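> give me the fold of what follows.
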Amino acid sequence: MSTHDLTPPPGVVVIFSDIWCSFAHVTVHRLHKARRDLGLEDRVSFDHRAFPLELLNKAPSPRTGTDSEVGRTASLEPEAGWQLWQDKDWLYPSSTLLALEAVQAAKEQGFAASEALDLGLRKAFWAQSRSIANYHVILDVAESTGVVDVKALAEALDDGRARKLLSEQASISATETVNCSPHLFLPDGSDHANPGIEVSWAGDYGVGWPVITKDEPEVVAELLKRSAA
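Sure, this is the predicted structure:
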C-alpha cells in the first residue's frame with residue numbers, strides 16, 4: 001500500500017501529467033471546457049503536478065511518438081488545438097522539464113496562474129509547434145496568458161525554487177500511486193487514470209499508433225461536479 005496521500009481539499013483536482021502527453025492535452029482541454037460550461041470556475045481549481053515522462057522512461061519523448069498520436073488523439077477533441085510539428089526539426093523540444101518546473105513555479109501566484117501557463121504551454125506545443133524547452137518561449141507563453149506575472153516567474157526559474165517540487169513529484173510518479181499521464185485525484189479520495197478513455201497500441205510506441213477502444217467525454221464533467229467546493 002502506497003504511503004502517498006494525494007487527496008486534495010474540496011474544490012481542488014490534482015492532475016499528474018506531462019505537457020507532451022496527447023491524452024493529457026485532451027483531458028486538460030475537457031476539464032477547462034467542462035468547468036466553464038458548468039459554471040464552476042470559482043468552485044474548482046486544478047493543481048497541476050508533473051509526471052515527467054523523460055525521467056520515468058530515462059529518455060526524451062521521441063517526435064515519432066507524438067506525431068503518431070496526433071491524427072488519432074486529435075479526433076477526440078479537435079478544438080484543443082493540434083498539428084504535426086511544423087517548425088525546424090532541431091527546434092523540436094528534447095525536454096519538458098523546464099516547462100513543468102515553470103508551471104510549479106507559477107503556483108506561487110495561485111492556481112489560476114499555473115492553470116493558465118499549463119494550458120498555454122500545451123497549446124504552444126501541440127497547436128503551434130513552439131519549442132517549449134526554451135526559457136524565452138516559456139516566458140513568452142506566460143506573458144500571452146495575461147494572468148501570469150512574468151517577472152516573478154522569471155525570478156523563480158532563475159533561482160530554481162520550484163525544482164525540488166518537480167523532483168518530489170517525479171518520485172511520486174515513479175510509484176504505483178500514479179499510473180499514467182493524465183491521472184486525476186479528487187477530494188472524495190478517488191483517483192481516475194486517463195478518465196473516460198481506454199486505449200491500446202498497434203505496434204510499438206513511435207512506430208505504431210494509438211487505438212481508442214472507449215471514449216466517454218462526459219466522465220470529466222461528472223468528476224468536476226464531485227470535486228466542487
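> ok, residues contacting the helix or strand of the chain at the bottom of the mean pLDDT ranking?
Between all helices and strands in the chain, the lowest mean by mean pLDDT, DSSP states H and E belongs to helix 63-73, at a mean of 90. Helix 63-73 has contacts (CB atoms under 8 Å, 6 or more residues apart in numbering) with 20, 22-23, 25-26, 82-85, 89, 92, 126, 205-212. Heads up, the C-betas are built off the backbone N, CA and C, glycines and all.
> let's go with 10 Å and repeat that
For helix 63-73, contacts defined as CB atoms under 10 Å, 6 or more residues apart in numbering pick out 20-23, 25-26, 53, 62, 80, 82-85, 89, 92-94, 125-126, 197, 199, 201-212.
> that helix: how far from the chain's middle?
16 Å (CA atoms, centre = their mean, to the nearest Å).
> and if you look at stretch 90-100?
Per CA atoms, centre = their mean, the centroid offset for stretch 90-100 relative to its chain is 14 Å.
> so for that stretch, mean pLDDT?
Computed over stretch 90-100, the mean pLDDT rounds to 97.
> name the residues linked to the residue nearest to residue 180 when sequence neighbours are not counted by a beta bridge.
Nearest non-adjacent residue to residue 180, counting by CB to CB, 6 or more residues apart in numbering: residue 193, 5.2 Å away. Residues in a beta bridge with residue 193, per DSSP bridges, are residue 183.
> burial count for residue 193?
Residues lying near residue 193 (other CB atoms under 10 Å) number 14.
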